[in-house]
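# next one to model:
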Amino acid sequence: MEKLITQFGVYLHGQLLAPYDTPEKAYKSAMFAYEETGLFHEVREIRQASKLDY
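Okay, here's the model as predicted:
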């Protein structure tokens, strides 16, 4: 059986820069990166399939 693991990533120009466990952490990181660089960083959901071990 597979379970979907959801994380949130900060992207710049379509490239994943860093994954986070919560959207709040990803948003704060994206805002910090924007303030430092002046470039828009996008927050998107990352879904990964993971097999459950029983």
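# quick one: low-confidence ranges for this structure?
For the chain, the stretches with pLDDT under 70 are 1-2, 49-54.
# please redo it, this time with the cut-off set to 80
When residues are selected by pLDDT under 80, those of the chain lie in 1-5, 48-54.
# which residue would you name as the spatial centre of it?
Of all residues in the chain, the one closest to the mean position by C-alpha atoms, centre = their mean is residue 9, 1.2 Å from it.
# name the SS class of that residue, please.
Classification of residue 9 using DSSP: H, G, I helix; E, B strand; the rest coil returns strand.
# so it bridges to which residues?
residue 19, residue 44 (DSSP bridges).
# contacting residues for it?
Each residue near residue 9 by C-beta atoms under 8 Å, 6 or more residues apart in numbering is listed here: 16-20, 26, 43-46. For glycine as for every other residue, the C-beta is placed from the backbone atoms N, C-alpha and C.
# for it, give its distance to residue 17.
7 Å (C-beta to C-beta, to the nearest Å).
# ok, now residue 28?
14 Å.
# contact partners of stretch 27-41?
10-12, 17-18, 20, 42-43.
# spatially, which two of the residues you listed are the most separated?
12 and 20 (14.5 Å; C-beta to C-beta).
# so how far is residue 48 from residue 3?
Taking C-beta to C-beta, one finds residue 3 at 10 Å from residue 48.
# picking up where we left off before, which of the contacts of residue 9 count as buried?
Buried by 16 or more other C-beta atoms under 10 Å: 20, 26, 43, out of the contacts of residue 9.
# got those as JSON lines, with distance to residue 32 columns?
As requested, the buried ones among the contacts of residue 9 are exported to JSON lines (distance: C-beta to C-beta, whole Å):
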{"residue": "20", "distance to residue 32": "12"}
{"residue": "26", "distance to residue 32": "11"}
{"residue": "43", "distance to residue 32": "12"}
